[in-house]
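Participant: give me the fold of what follows.
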Amino acid sequence: MRFFFELELLKEMQRTGWYFIGERDGDSVASHSFRAAFIAHWLARKVGADPDRCMKMALIHDVGETRVWDINKVSASYTEKDEERAAKEAMKGVFDEFEPIYKEMKARKSKDALVARDADLLECIIQAKTFEMRGNPLAREWIINASKGLHFGESKELASKVGKNDKVWWAGLKKL
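Facilitator: Numbering: from 1, shown residues only. Alright, predicted model coming up:
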């Protein structure tokens, strides 16, 4: 029960990296992980990885932030956080079976872990594109930089399509 209440923090916690491009109401850690999990499942099928395992990795990749907070890359260069220990302790007794896949994901050596990482970056790219479409010109640089970290051709192709997209998702849907 405690862990489920702890997860409430991820629903309320704003991701801090977006502050650098002026986005004060970006997205929550939970909403980021939710979309990243679906992207991981899709990408895993495309590249021959385990979709369920990749989805789990993407879903739990930021769980430790309930205890160490979402610290962006700039801030992290000035401090040390033990997100792995925080995640392990948060999930202890509830999701002990996730510890091995969490460690695998953080090591970024297996195909599944690289899929989860690409899903994390792709989610950021999609979020940045949303900001760009709302008029934030600084989001373009975020899209370019995040795209450089992608591992799979399928990920790079999707990022390219996202970067070129200028339509809202619902454009062209038939009226009901």
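Participant: tell me the mean pLDDT over the longest helix along the chain?
Facilitator: If you go by DSSP state H, the chain has its longest helix at helix 111-133. For helix 111-133, the mean per-residue pLDDT is 97.
Participant: and what of stretch 87-102?
Facilitator: Mean predicted lDDT for stretch 87-102 stands at 87.
Participant: can you list the buried residues in that stretch?
Facilitator: Of the residues in stretch 87-102, 87-88, 90-91, 95, 98, 101-102 count as buried by neighbour count, 16 or more other C-beta atoms under 10 Å. C-beta here means a position set from N, CA and C on the backbone, and glycine is covered the same way.
Participant: tabulate the CA atom coordinates of it in CSV.
Facilitator: Coordinates of each C-alpha in stretch 87-102 appear next as CSV, following Å, rounded to 0.1, in the frame of the first residue of the first chain:
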residue,chain,number,x,y,z
ALA,A,87,14.0,2.4,-6.7
LYS,A,88,15.1,-0.9,-5.1
GLU,A,89,14.0,0.3,-1.6
ALA,A,90,10.7,1.8,-2.9
MET,A,91,9.7,-1.5,-4.7
LYS,A,92,11.1,-3.8,-2.0
GLY,A,93,8.5,-6.5,-1.0
VAL,A,94,6.1,-5.3,-3.7
PHE,A,95,8.0,-5.7,-7.0
ASP,A,96,11.2,-7.5,-6.0
GLU,A,97,11.1,-9.3,-9.4
PHE,A,98,11.7,-5.9,-11.1
GLU,A,99,15.2,-5.5,-9.5
PRO,A,100,17.1,-7.5,-12.1
ILE,A,101,15.4,-5.8,-15.0
TYR,A,102,16.0,-2.4,-13.4
